[in-house]
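In: Generate coordinates for the sequence data below:
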Amino acid sequence: MKQSSTHVKSIDFSAANLPTFEEVVNNKDWVYWGSDNLWPKHSIDLWNYSSVLRSSLNSIRDAVVGKDLLIDGKSGNLLMANSMESVYDVFKRVVVDFVVHNGFSLNTILRKDKQGIAEFYHMDISKLRSGKSDMMDRVLQYWFCSDWTNTRKFIPVEMPAFNLQGETASQIYLYKSYQPAQFYYPVNEWIACRMAAEIDTEIKNYHLNNLRNGYHSGTVFSMNNGVPSEEERDSIYRHLEERYTSTNNAGQVIVTFSDDKEHEPTITPFVNSATPDMFIQLNEMIQQTILTACRISNPTLLGIKTVQGLGSKDEMVDAYEHFLATVVKPIQEKLIREFEKILFIQTGEIRRIEIVQNELFDLKDKPEIEGIV
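Out: Prediction:
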């Protein structure tokens, strides 16, 4: 009598393995920024693909940039940082880096007499990696690479840290906000909501792939032409594991093997436990977590409608003033101090910088805002 043969194996899906912030000192000339040396790239990806995070950070960016940058009462567009860009042009780019990464970097060019800097340029801080500190806890060099995911093709270039007495004219001026237990790199101000932002992007990815795959909650195919060898089965299982461990695989299928119809396993159809209500609740949690981490107390500032609507004009003005006082102005003060320092080194003169703040409503031209009471 032929012995029936059916082989079923459960697949353990891997746990979410998110990048972590670490400063890894190894045998490389540079210190890793993150466990995989790609922490700033992950930050930029979240900024690009999480709608709530992007809206929050862009609102902070726009508020910090303001209407204009005044240097000694004159527009920052009238004072050149280098042969092509004004101080205000460089400042705008610096603000983006600071809001996303909590730090920024400049490429400074020393004057020939080494009594100051001739010009300075914005340098994307995500493309820099720190050298190791010396015995005096000083970082003397940085490494620039246009793509840290492929250092064989894009070979990192060593550049000296800012030093007026340095031998090389082109140097790196790097500023980062202080964070306990961190030395080389800045830590995102919004780091507490990184997981919520990851979930936000994965939920959208899950729904997109469900739609692309016909919105099937789970389809089982039984192949009844015999059980493959152990080696072949393992190969198939590995293939399934690779294909079923992310939201990219929503709505995909599972294959089983048995000798014939009589001996195929009884399989209970998969039921998607992710109900619409669950996604609604999850979305509310994500939104609240990101807004809290970015210290945005009133979501209406981002155009997010609440149960109470957009609220009154006075409520929005009060929320905006609170936003300016607790989030925007502290960032502006840090950047102003650094730019005043840079301009003093460049010109030898003490320059006073101030930022003209944006206004929530142009009350002079339009005292009443439609739809807001």
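
In: What strand or helix carries Leu164?
Out: Using DSSP states H and E, Leu164 is not contained in any helix or strand.

In: and the residue nearest to it when sequence neighbours are not counted, helix, strand or coil?
Out: Excluding the flanking residues, the one nearest Leu164 by C-beta to C-beta, 6 or more residues apart in numbering is Lys114, at 5.9 Å. Where C-beta positions appear, they are placed from N, C-alpha and C, glycine not excepted. Assigned with DSSP: H, G, I helix; E, B strand; the rest coil, Lys114 falls in the coil class.

In: The helix or strand of the chain with the lowest mean pLDDT: what's the following helix or strand?
Out: Using mean pLDDT, DSSP states H and E, strand 6-7 stands out as the lowest-scoring helix or strand of the chain, at a mean of 54. Counting by DSSP H and E, the element after strand 6-7 in chain order, helix or strand, is strand 23-24.

In: What's the end-to-end length of stretch 301-320?
Out: For stretch 301-320, the first-to-last residue distance is 7 Å (C-alpha to C-alpha, to the nearest Å).

In: Can you tell me the SS state at Asn150?
Out: Put simply, Asn150 is coil when judged by three-state DSSP.

In: State the distance from it to Tyr184.
Out: Noted for Asn150: a distance of 22 Å to Tyr184, by C-beta to C-beta, to the nearest Å.

In: Pick out whichever of the two has more residues nearby.
Out: Tyr184 (20 against 10; other C-beta atoms under 10 Å).

In: what's the closest non-adjacent residue to that one?
Out: Spatial nearest neighbour of Tyr184, chain neighbours left out: Ser130 (4.2 Å); criterion: C-beta to C-beta, 6+ apart.

In: Enumerate the beta-bridge partners assigned to that neighbour.
Out: Residues in a beta bridge with Ser130, per DSSP bridges, are Tyr142.

In: Quick check, pLDDT for it.
Out: Per-residue confidence at Ser130 stands at 98 (pLDDT).

In: okay, now it: neighbour count?
Out: Neighbour count for Ser130, taken as other C-beta under 10 Å: 23.

In: That one contacts Tyr185, doesn't it?
Out: Yes - between Ser130 and Tyr185 a contact is recorded at 6.7 Å, counting by C-beta atoms under 8 Å.

In: Identify the contacts common to the two.
Out: Counting by C-beta atoms under 8 Å, 6 or more residues apart in numbering, the shared contacts of Ser130 and Tyr185 are 31, 33.

In: So which residues of the chain form helices?
Out: Per DSSP state H, the chain carries helices over the ranges 39-49, 51-65, 87-101, 194-212, 230-243, 276-293, 313-323, 329-347.

In: so can I have CSV of those showing distance to Ser177?
Out: Output for the helices of the chain, formatted as CSV (distance: least, C-beta to C-beta, whole Å):
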stretch, distance to Ser177
helix 39-49, 14
helix 51-65, 14
helix 87-101, 8
helix 194-212, 17
helix 230-243, 40
helix 276-293, 15
helix 313-323, 19
helix 329-347, 7
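
In: Those helices: which one's closest to Cys145?
Out: Among the helices of the chain, helix 39-49 comes nearest to Cys145, with 11.5 Å by C-beta to C-beta.

In: tell me how far that closest one is from the chain's mean position?
Out: Centroid separation between helix 39-49 and its chain, computed with C-alpha atoms, centre = their mean, to the nearest Å, is 3 Å.

In: Repeat that for stretch 150-169.
Out: Relative to its parent chain, stretch 150-169 has a centroid offset of 25 Å by C-alpha atoms, centre = their mean.
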